[in-house]
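S.K.: Give the three-dimensional model of this entry:
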Amino acid sequence: MLTDMIVEEEFELKDEEPWYGKQDLEHDLHLAAQLGKTLLDRNHELEQGLQQMFSTNQEQLQEIEYLTKQVDLLRQMNDQHAKVYEQLDVAARDLEQGNHRLILDNRVAQQRINCLTETINSLETHMEDLQTQVEELRTAQSDRSRRELAEQRHNLGAQSVSCLKELYDLQKDNRVMTGLPQVTQTT
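M.R.: Below you'll find the model as predicted:
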């Protein structure tokens, strides 16, 4: 209500006496035109700045989207690398366990080799003893065979002598019966 009263008073003043001059009015209009032009230019500059900011914002949004995709891709790669590292870790543990088993198997095999080597050495010693015994038996057999052969020869010689004696005796008996001269016996 107070504003309505002020407005009415201003209009009343206009009717009674003009409070501005023509020159002032032109100057004000000129100022208003310059101000309007300046405001339009400023508004145009602000619109261009806003357009630039909008395009910069769009570029930044695209860059953010690209970087987000890159981050997702890097996360996937990181997850894959983590899985690979886990698999490598499991494989390394398996290899370590296998290596440990091989070391234990090697020790057992080495002990078995040592045991077998001792057994072989023992068997070789036993075999050498047996060969010595075989040689002794061969030598004894050979000596016995020679003695038996010597005995057989001696027996044959003795038999031959007794056969010769019998022959001699038979001849002697035949000569005595036939009247032939007798041959003297040499023993």
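
S.K.: Flag the shaky bits of this structure, pLDDT-wise.
M.R.: 1-20, 158, 160, 176, 178-187 (pLDDT under 70).

S.K.: what are the ranges of the helices in it?
M.R.: 2-16, 22-178 (DSSP state H).

S.K.: Most tightly packed of those helices?
M.R.: Compared across those, helix 22-178 shows the largest average neighbour count, a mean of 10 (mean count of other Cβ atoms under 10 Å). Where you see a C-beta, it was placed from the backbone N, CA and C, and this is true even at glycine.

S.K.: do you know how far His100 is from Arg93?
M.R.: 10 Å (Cβ to Cβ, to the nearest Å).

S.K.: what does Asp24 give?
M.R.: Asp24 is 97 Å from Arg93, by Cβ to Cβ.

S.K.: Then Gln48?
M.R.: Taking Cβ to Cβ, one finds Gln48 at 66 Å from Arg93.

S.K.: residue contacts, Asp62?
M.R.: No, residue 62 isn't Asp; it's Gln. With Cβ atoms under 8 Å, 6 or more residues apart in numbering as the criterion, no residue contacts Gln62.

S.K.: now it: how far from Thr56?
M.R.: According to Cβ to Cβ, Gln62 stands 11 Å off from Thr56.

S.K.: next one: Asn99
M.R.: Shown here: Asn99 relative to Thr56, a distance of 61 Å by Cβ to Cβ.

S.K.: now do Thr139
M.R.: Thr139 is 117 Å from Thr56, where distance means Cβ to Cβ.

S.K.: Distance-wise, check the most centrally placed residue in the chain relative to Ala109.
M.R.: What sits nearest the mean C-alpha location of the chain, by Cα atoms, centre = their mean, is Leu95, with 5.8 Å. Leu95 is 20 Å from Ala109, where distance means Cβ to Cβ.

S.K.: what's the answer for Cys115, then?
M.R.: 10 Å.

S.K.: Please apply the same query to Ile64.
M.R.: For Ile64 relative to Ala109 (Cβ to Cβ), the value is 65 Å.

S.K.: Same question for His44.
M.R.: Relative to Ala109, His44 is positioned 94 Å away (Cβ to Cβ).

S.K.: how about the CA coordinates for stretch 33-44, as PDB?
M.R.: As requested, the backbone C-alpha atoms of stretch 33-44 are provided in PDB (Å, rounded to 0.1, in the frame of the first residue of the first chain):
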ATOM      1  CA  ALA A  33      21.100   2.100 -24.900                       C
ATOM      2  CA  GLN A  34      24.800   1.800 -24.000                       C
ATOM      3  CA  LEU A  35      24.000   0.000 -20.900                       C
ATOM      4  CA  GLY A  36      21.700  -2.300 -22.800                       C
ATOM      5  CA  LYS A  37      24.300  -2.900 -25.400                       C
ATOM      6  CA  THR A  38      26.900  -3.500 -22.800                       C
ATOM      7  CA  LEU A  39      24.600  -5.900 -21.000                       C
ATOM      8  CA  LEU A  40      23.800  -7.700 -24.300                       C
ATOM      9  CA  ASP A  41      27.600  -7.900 -25.000                       C
ATOM     10  CA  ARG A  42      28.200  -9.100 -21.500                       C
ATOM     11  CA  ASN A  43      25.300 -11.500 -21.800                       C
ATOM     12  CA  HIS A  44      26.700 -12.800 -25.100                       C
END
